[in-house]
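>>> This is the structure alone, sequence omitted:
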């Protein structure tokens, strides 16, 4: 599953306020709740799952990328949000560098293959330096979404 199919402009924060890992995750979760992608009463259980995943190992994978993710029995479809930070977010990333791009996604419980394919697709997409450079310079959520659409491999 590509970011182009998972995101709308309303699920993108062009300039995140958070400067640390956990507030960044909460900021993206709040966006998903506000946009009706996650029910308000499911927020805390999903945040607990995300926190448990982060405590196992940071999802800051390097190159300024973090992909916090979990599975939940409180959703029926994969949901995602994207945030960008020009200042950088302290994420305890594998390369110890600040994170500029955060993709948070939640997969329905027991969809292990979907979970792995989504994670691999996002990581591969953001691993392209040209994509990261374009995203860093995009002036709006709409332009960011356009980059995801233009650069995503055709299915």
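Yes, it's here. Being a predicted model, the structure only gives us computed values, none of them experimental.
>>> And the spatially most central residue of the chain, how far from residue 69?
Residue closest to the mean C-alpha point of the chain, counted by Cα atoms, centre = their mean, is residue 103 at 1.2 Å. In this view, residue 103 and residue 69 are 8 Å apart by Cβ to Cβ, to the nearest Å. For every residue, glycine as well, the C-beta is placed using N, CA and C.
>>> before we move on, what about residue 54?
10 Å.
>>> What of residue 83?
14 Å.
>>> Compare neighbour counts for the two and give me the winner.
Legend: neighbour count by other Cβ atoms under 10 Å for residue 83 and residue 69, higher for residue 83 (26 against 21).
>>> Output the contacting helices and strands for the helix or strand harbouring that one.
In this structure, residue 83 sits in strand 79-89 according to DSSP states H and E. Counting contacts by 3 or more Cβ pairs under 8 Å, 6 or more residues apart in numbering; DSSP states H and E, strand 79-89 is packed against helix 3-6, strand 12-13, helix 21-34, strand 99-108, helix 129-137, helix 141-151.
>>> Show me what it is in contact with.
Here strand 79-89 makes contact (Cβ atoms under 8 Å, 6 or more residues apart in numbering) with 3, 6-7, 11-16, 18-21, 24, 27-29, 31-32, 37-38, 64, 66, 97-106, 135-136, 138, 144, 148.
>>> Just list the residues touching residue 38, thanks.
For residue 38, the contact set (Cβ under 8 Å, 6+ apart) comprises 29, 32, 46, 74, 75, 79, 106.
>>> Turn those into TSV, columns for distance to residue 112, pLDDT and neighbour count.
Below are those laid out as TSV (distance: Cβ to Cβ, whole Å; pLDDT from 0 to 100; neighbours: other Cβ atoms under 10 Å):
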residue	distance to residue 112	pLDDT	neighbour count
29	22	98	23
32	22	98	23
46	17	98	24
74	17	95	17
75	15	95	18
79	17	96	21
106	14	96	27
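>>> Could you dump the residues you listed into CSV with distance to residue 127 added?
CSV is the format used below for those (distance: Cβ to Cβ, whole Å):
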residue, distance to residue 127
29, 25
32, 24
46, 26
74, 30
75, 27
79, 23
106, 22
